[in-house]
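>>> Sequence first, predicted model second:
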Amino acid sequence: MPAADTQTVVKLLREYAQRTALRGGNPYRAKAYSRASDSLAALAIPLHVMIEEGRLTEIPGVGDAIADIIAKLHRTGSHPSLEKLRKEVPAGVLEMLTVPSLRPEKVLRLYKDLGIGSLAELETAAKEDRIKKAKGLGAALQTKILQNLAMAKSGEGRLHLHRAAALLAHARDSIRKSRPELERVTIAGDFRRGCELVDDLAIVAEAPKAAKTSKAPAADGLQVRISDRKHFGAALLFATGSAGHIDQLQALAAEKGFRLDADGLHKGRTLIAGEETDIYRALGLPFIEPELREGRGEVELALRGKLPKLVNDQDLRGILHCHTDASDGTETLETMAKATRQRGFEYFGVADHSKSAHYAGGLSVEEITEQHREADRLNKRFGKDFRILKGIESDILADGSLDYPDDVLERFDFVVASIHGRFKLDRKAQTRRLLRAIANPRTTIIGHMTGRQLQRRPGYEIDIEKVLRACAKHDVVVEINAHPWRLDLDWRWHQAALKLGCMISINPDAHSIPELDHMHWGVEMARKGGVPADRVLNAMRLPEITRYLRQKRRPLSRAA
């Protein structure tokens with residue numbers, strides 16, 4: 001039997017992960033197999049080479065045990081443990097694991113109790129009300145399945161930004177090591193465009209000698225394009241996309257009597273431009289940042305000289321909306337503040353959960369007093385160049401009021417008002433709930449406005465435009481929650497927020513020191529939404545934001 005190729009091993013290892021999850025037991029084992037399969041999908045070096053050179057454990061998430069499994073899958077196309085697992089449930093059952101929030105034990109119940117053996121059968125059963133009648137399953141699960149089926153179909157095989165970043169970084173490093181003659185090894189595809197979910201893993205590299213542009217052999221899921229110096233920029237442009245953006249550039253080129261393809265911009269047989277910047281310039285355009293290349297009017301804006309100057313990581317001066325071990329974070333206030341300062345920021349905005357978030361260790365009034373006393377002590381030690389800003393993530397209660405009475409909320413420098421429960425209120429009631437919170441004079445920022453979690457749950461139903469209008473009216477800042485599972489507010493609404501007059505805050509929602517670096521993903525979303533630095537709250541220097549927050553705390557006449 002011939003050895004299994006990389007693509008086949010990826011599929012087999014993913015199946016191994018899914019069947020292990022259905023078996024139960026240690027959930028981390030199944031997750032480890034799943035992560036390893038993702039890493040294999042982004043492998044830039046042929047699998048047989050990695051095996052022959054004993055380098056499997058260099059792959060992210062692959063230890064000795066998983067390396068042995070991969071080697072056997074490659075050599076034989078199967079594994080004894082996988083064959084044993086295959087006898088327990090048919091292949092169609094695995095499809096149901098792609099439905100967000102549908103846990104393996106529920107999938108097993110659906111199969112054993114109702115005989116549901118595929119995604120199509122699951123959808124039919126839910127629409128026929130068969131699930132809600134089953135003991136131990138019920139109406140709530142049926143509703144969730146119907147809500148999340150579309151998400152399962154659209155999100156299959158797509159990676160969160162931070163996961164794609166790790167895989168692509170490893171792939172780039174592997175290419176550099178295995179092909180030292182290659183230059184300008186550059187990540188392209190969806191990731192370069194800052195898409196919130198990535199399914200187009202692509203790298204472009206320049207070779208000293210290459211026949212224009214070619215594709216190097218790689219695993220399914222990672223495309224490596226090799227180009228010579230003359231055509232590199234065009235290859236990068238096309239590998240980055242999007243299709244809509246490329247179509248618009250090609251139409252503009254045709255209007256000017258040019259031809260644009262992956263080999264460059266041509267007039268007749270003559271190459272006019274082969275570098276990205278030169279191609280845009282020859283078309284009469286300024287360079288269009290990759291995050292804007294979605295075919296959503298950016299070419300027209302560029303022609304009119306109206307492209308925004310996008311915010312970048314260096315523009316941000318401080319961090320807001322972070323948690324400590326006073327609620328559900330892992331580190332002390334001092335540790336989080338010091339880590340923020342070490343990253344070059346001027347302020348750290350603590351915003352632990354409020355008292356109603358009992359599941360997250362929400363702070364009592366006494367604990368607030370203690371935290372503020374600690375912040376004052378630390379601020380004296382930090383001096384004038386760095387400051388802890390005293391905030392709270394106050395739950396928006398079901399009626400739209402904020403957690404804590406006004407006299408407690410007045411103690412904070414800022415208040416992030418967020419919804420953490422009652423997601424199933426209808427669109428009108430949920431919108432009304434948010435509007436009341438926005439009208440509260442103590443509200444500074446609306447946190448993760450729609451409550452979505454990418455590939456886990458859809459956002460709750462609200463009238464986003466009406467909410468944004470209210471934020472603009474009441475001078476309430478709109479959060480871009482930078483946690484890679486959230487990235488909320490969706491970038492597609494950023495222009496509407498800006499046009500209405502809203503300020504934006506890019507917040508990491510960090511619960512640990514590593515999560516402080518989520519800020520980068522928030523910046524990516526802001527760039528994709530066309531947000532400039534002068535509309536970002538935490539691009540303000542410490543004296544500016546201190547004045548801004550002090551003004552916000554003045555008694556206002558607006559109705560709550």
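Happy to help now that I have it.
>>> Thought residue 349 was touching residue 320, still the case?
Yes - using C-beta atoms under 8 Å, residue 320 is in contact with residue 349, at 3.5 Å. All C-beta spots, glycine's among them, are computed from the backbone N, C-alpha and C.
>>> Now for residue 17, which secondary structure element holds it?
helix 6-23 (DSSP states H and E).
>>> Which strands and helices lie in contact with that helix?
Helix 6-23 sits against helix 27-41, helix 64-76, helix 80-86, helix 91-95, helix 104-114, with contacts defined as 3 or more C-beta pairs under 8 Å, 6 or more residues apart in numbering; DSSP states H and E.
>>> Output these in JSON lines, with mean neighbour count appended to each entry.
Shown next, in JSON lines, are the helices and strands packed on helix 6-23 (neighbours: other C-beta atoms under 10 Å):
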{"stretch": "helix 27-41", "mean neighbour count": "20"}
{"stretch": "helix 64-76", "mean neighbour count": "18"}
{"stretch": "helix 80-86", "mean neighbour count": "13"}
{"stretch": "helix 91-95", "mean neighbour count": "18"}
{"stretch": "helix 104-114", "mean neighbour count": "18"}
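>>> quick one, which of these is nearest to residue 228?
Distance to residue 228, taken as C-beta to C-beta, is lowest for helix 27-41 among these, at 27.8 Å.
>>> Report the angle between the closest one and helix 6-23.
Angle between the axes of helix 27-41 and helix 6-23 is 170 degrees (criterion: axes from the mean of the first three to the mean of the last three C-alpha atoms, to 10 degrees).
>>> distance between helix 27-41 and the chain's centre?
In terms of C-alpha atoms, centre = their mean, to the nearest Å, the centre of helix 27-41 is set 19 Å apart from its chain centre.
>>> just checking, what packs against it?
Against helix 27-41 (3+ C-beta pairs under 8 Å, 6+ apart) you get helix 6-23, helix 64-76, helix 161-178.
>>> State the mean pLDDT of that helix.
For helix 27-41, the mean per-residue pLDDT is 90.
>>> How about stretch 441-450?
Average pLDDT, stretch 441-450: 97.
>>> quick one: terminal-to-terminal distance for it?
By C-alpha to C-alpha, to the nearest Å, the extent of stretch 441-450 from end to end equals 21 Å.
>>> returning to what we had before: quickly list what's touching both of residue 320 and residue 349.
389, 391, 414, 538 (C-beta atoms under 8 Å, 6 or more residues apart in numbering).
>>> Let me have those in a markdown table, adding neighbour count as columns.
Below are the shared contacts of residue 320 and residue 349 laid out as a markdown table (neighbours: other C-beta under 10 Å):
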| residue | neighbour count |
| --- | --- |
| 389 | 22 |
| 391 | 22 |
| 414 | 25 |
| 538 | 26 |
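>>> Closest one to residue 243 out of these, please.
Nearest to residue 243 among the shared contacts of residue 320 and residue 349, with distances taken as C-beta to C-beta, is residue 538, at 34.4 Å.
>>> I figured the closest one was touching residue 319, is that so?
Yes - Residue 538 is within contact range of residue 319, at 6.8 Å (criterion: C-beta under 8 Å).
>>> which intervals of this structure have sub-threshold pLDDT?
1, 153-157, 210-221, 553-560 (pLDDT under 70).
>>> So which residue is dead centre in it?
Residue closest to the average C-alpha location in the chain (C-alpha atoms, centre = their mean): residue 484, at 3.2 Å.
>>> Assign a three-state SS to that one, would you?
Using DSSP: H, G, I helix; E, B strand; the rest coil, the three-state assignment for residue 484 comes out as coil.
>>> and it, what does it touch?
By C-beta under 8 Å, 6+ apart, the residues touching residue 484 are 160-163, 454, 518, 521.
>>> any idea how far residue 300 is from residue 291?
Note on residue 300: its distance to residue 291, by C-beta to C-beta, to the nearest Å, is 17 Å.
>>> the more surrounded of those two?
The neighbour comparison of residue 300 against residue 291 (other C-beta atoms under 10 Å) goes to residue 291, with 21 against 11.
>>> got the contact list for stretch 264-281?
Stretch 264-281 is contacted by residues 230-234, 236-237, 249, 253, 257-260, 263, 282-283, 286-288, 302 when judged by C-beta under 8 Å, 6+ apart.
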